[in-house]
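Q: Starting from these lines, generate the structure:
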Amino acid sequence: MQFINMKKLLTGIILIVTIIIIGYQFIEVVPNPEVTSDFTEATTEVRKILRTSCYDCHSNETKISFYNKFPFVAEMVRKDVTKARAKLNFSEWDKYSEKEKKTILYNVLTKIKKNIMPPKSYSFIHREAEIDKKELAILETYIKGLDDDLGIKILESDELDFEGDYNNWIDNQGKKKTVKNAPNGIEFPYDYRNWQVVSSSFRKDHNSLRVILGNDIAINAIKENKINPWPDGAILGKVVWNQRSDENWEAAIVPSTFIHAEFMFKDSNKYKTTKGWGWARWVDQELKPFGKDANFSQSCIQCHTPVKDRDYIFTTPSIFP
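A: Sure thing, here's the model as predicted:
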């Protein structure tokens, strides 16, 4: 009698679980909005690789498997896809500018080469999403091929913008400028102009020049080769300009209009929740704080995740004999 009751109980439990599982199959985990555009300018091979490896999260064509609809799993999938689409959505490709498209593709290439994308948790189940060496080579050839023509075309309007900004800068040299704090409370480091140069770089996807600076603590850390991790108190700055051809030397590419200045402040305790760094950026000559609120730091961290094993720093100090 007891055995029969136990059997009925187990049967009932199995039946209830089965009904719940079947019921969840009718629940929409992630809506697929209308596809307004697509990434069509690439070769067939490139599009196939990205569609297979990226589209489940980074498009409006997400395919949900039955196991993705289970409780807890569904919520995790919903969050992941929503977050992924916010960063990159191939189904809304036309909304990005040409510069943004190039930046996106370079970021995709970087994260694939660093084994960050596709995420291990996804490719473990979806083996077809794994990108092998041959596919990586195809992607790299295509993306880097976007910069085969690096000729600089300076329009008259660009020259006028530079002249205007330059004259404005000269006229206001002696005037004290009050700069608002970043949304996370970080103050603008007015003395950054006195820091030493750490390195410089040219960003092909942005056509921008940048100089990386360091305060005294950062420079001493470089001298002592103690930069992974960087010591508390170190501040690294990056000043970014658009580029232009030098009117006195056609072969030279030189800084044009000012874009922004951004900084990373190392304090492993104070900034524990943001990977040990305080992040801040000020935009245009007015030095307007970047970001709506303190959460803007998360976008900075996402960008620097490929170099987390370098204490989230891309820059390698240049050689100064």
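Q: burial measure for the nearest residue to Tyr122 once chain neighbours are set aside, as a count.
A: Distance criterion Cβ to Cβ, 6 or more residues apart in numbering; nearest residue to Tyr122, sequence neighbours excluded, is Ala129 at 6.2 Å. C-beta here means a position set from N, CA and C on the backbone, and glycine is covered the same way. Neighbourhood size, Ala129 [other Cβ atoms under 10 Å]: 19.
Q: can you tell me how far Ala129 sits from Ile49?
A: 10 Å (Cβ to Cβ, to the nearest Å).
Q: what do you get for Val81?
A: 20 Å.
Q: Quickly list what Val283 is bridged to.
A: His260, Lys288 (DSSP bridges).
Q: Does it touch Gly291 like I think?
A: No - counting by Cβ atoms under 8 Å, Val283 sits too far from Gly291 to count as a contact (9.8 Å).
Q: hey, where'd the strands end up in the stretch 1-150 of the chain?
A: Assigned strands in the stretch 1-150 of the chain: none (criterion: DSSP state E, counting those that start in this stretch).
Q: Could you do the stretch 151-300 of the chain as well?
A: Under DSSP E, counting those that start in this stretch, the stretch 151-300 of the chain gives strands at 196-203, 208-214, 235-246, 249-266, 277-283, 288-289.
Q: Indicate which one of these is closest to Lys226.
A: Taking Cβ to Cβ, strand 249-266 is the member of the strands of the stretch 151-300 of the chain nearest to Lys226, at 11.6 Å.
Q: Buried residues in that closest one, which are they?
A: Pro255, Ser256, Thr257, Phe258, Ile259, His260, Ala261, Glu262, Phe263, Met264, Phe265, Lys266 (16 or more other Cβ atoms under 10 Å).
Q: need those residues in a markdown table with distance to Met76 and pLDDT, can you?
A: Formatted as a markdown table, the buried residues of strand 249-266 follow (distance: Cβ to Cβ, whole Å; pLDDT from 0 to 100):
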| residue | distance to Met76 | pLDDT |
| --- | --- | --- |
| Pro255 | 45 | 92 |
| Ser256 | 45 | 91 |
| Thr257 | 44 | 93 |
| Phe258 | 42 | 95 |
| Ile259 | 37 | 95 |
| His260 | 35 | 97 |
| Ala261 | 38 | 98 |
| Glu262 | 32 | 98 |
| Phe263 | 34 | 99 |
| Met264 | 31 | 99 |
| Phe265 | 33 | 99 |
| Lys266 | 33 | 99 |
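Q: before we move on, back to that, can you put the strands of the stretch 151-300 of the chain in TSV and add distance to Lys180?
A: Formatted as TSV, the strands of the stretch 151-300 of the chain follow (distance: least, Cβ to Cβ, whole Å):
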stretch	distance to Lys180
strand 196-203	26
strand 208-214	21
strand 235-246	17
strand 249-266	14
strand 277-283	9
strand 288-289	5
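Q: Quick one: closest of the ones you listed to Pro317.
A: strand 196-203 (5.3 Å).
Q: contact partners of stretch 187-199?
A: 179-182, 211-216, 218-219, 222, 235-237, 239, 261, 263, 280, 282, 287, 315-318 (Cβ atoms under 8 Å, 6 or more residues apart in numbering).
Q: Buried residues of that stretch, list them for me.
A: So for stretch 187-199, counting by 16+ other Cβ under 10 Å, buried means Phe188, Pro189, Trp195, Val198, Ser199.
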